[in-house]
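Trainee: Fold the following for me, if possible:
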Amino acid sequence: MIGFPFIADQTYNALRIENKGFGIAMNVHKFTSDELYTNIMKILSDPSYKHRISLASEIFRSAPQRPAEKTAYWIEHVIKFGFDHLQPAGKNLNFFQFYMLDALAMCIIVGVLLLVLVKKLVSCAAKKMFDLQKPFKLKEA
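Mentor: Here you go, the predicted structure:
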């Protein structure tokens, strides 16, 4: 495969193809005809690409159930046992727990405290720096 990502998640998918050894990712906006030809010839002549994709296909096809069989199993399961035991654990959480508002509030508080601390340190440092630059006055007796 040669991946030419255009939008959204296609860049990620093209890079995954390349990382898994299934093909080559190319930049659709910056490629030459020579580069395209070279990559096509590389894919066609290098048997490692065909081997890796064949292995991935074999792994995918070795699933114990086909999608239709899996669907039929789960429909029969729900008919026989109901669906209460299949509910997500988050269903029983209240609003604050589900959205982790306590953790969010803690992060905001720590962030604000850090900002206040930095502001104090900067203002203190600036005050010291500008106080040192004032000319020295002699006290009159």
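
Trainee: From one end of stretch 96-107 to the other, what's the distance?
Mentor: This stretch, stretch 96-107, spans 15 Å end to end (C-alpha to C-alpha, to the nearest Å).

Trainee: all strands of the chain, in order?
Mentor: Secondary structure of the chain by DSSP state E: the strands cover 2-3, 24-25.

Trainee: any chance of the ones you listed in CSV, plus mean pLDDT, mean neighbour count and distance to I53?
Mentor: (Glycine included, C-beta is placed from N, CA and C.) Shown next, in CSV, are the strands of the chain (pLDDT from 0 to 100; neighbours: other C-beta atoms under 10 Å; distance: least, C-beta to C-beta, whole Å):
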stretch, mean pLDDT, mean neighbour count, distance to I53
strand 2-3, 93, 17, 13
strand 24-25, 94, 20, 12
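
Trainee: Near P5, how many residues? Count them for me, please.
Mentor: Counted by other C-beta atoms under 10 Å, the residues lying close to P5 total 17.

Trainee: That one contacts R16, correct?
Mentor: No - at 10.7 Å, P5 does not count as touching R16 under the criterion of C-beta atoms under 8 Å.

Trainee: can you tell me which residues contact the residue nearest to A14 when sequence neighbours are not counted?
Mentor: Leaving aside its chain neighbours, A14 sits nearest to G3 (3.0 Å; criterion: C-beta to C-beta, 6 or more residues apart in numbering). Applying C-beta atoms under 8 Å, 6 or more residues apart in numbering to G3 gives the contacts Q10, N13, A14, L15, I17, E18, G23, I24, A25, M26.

Trainee: Buried members of the residues you listed into PyMOL, please.
Mentor: In PyMOL, a selection of the buried entries from these looks like this (16 or more other C-beta atoms under 10 Å):
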select buried, resi 14+17+18+23+24+25+26
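
Trainee: Tell me where this protein is predicted with low confidence.
Mentor: Counting by pLDDT under 70, the chain has low-confidence residues at 132-141.

Trainee: quick check: domain ranges of it?
Mentor: For the chain, the structural domains run 2-61, 92-132, going by automatic domain parsing.

Trainee: ok, now how distant is Y99 from M106?
Mentor: 13 Å (C-beta to C-beta, to the nearest Å).
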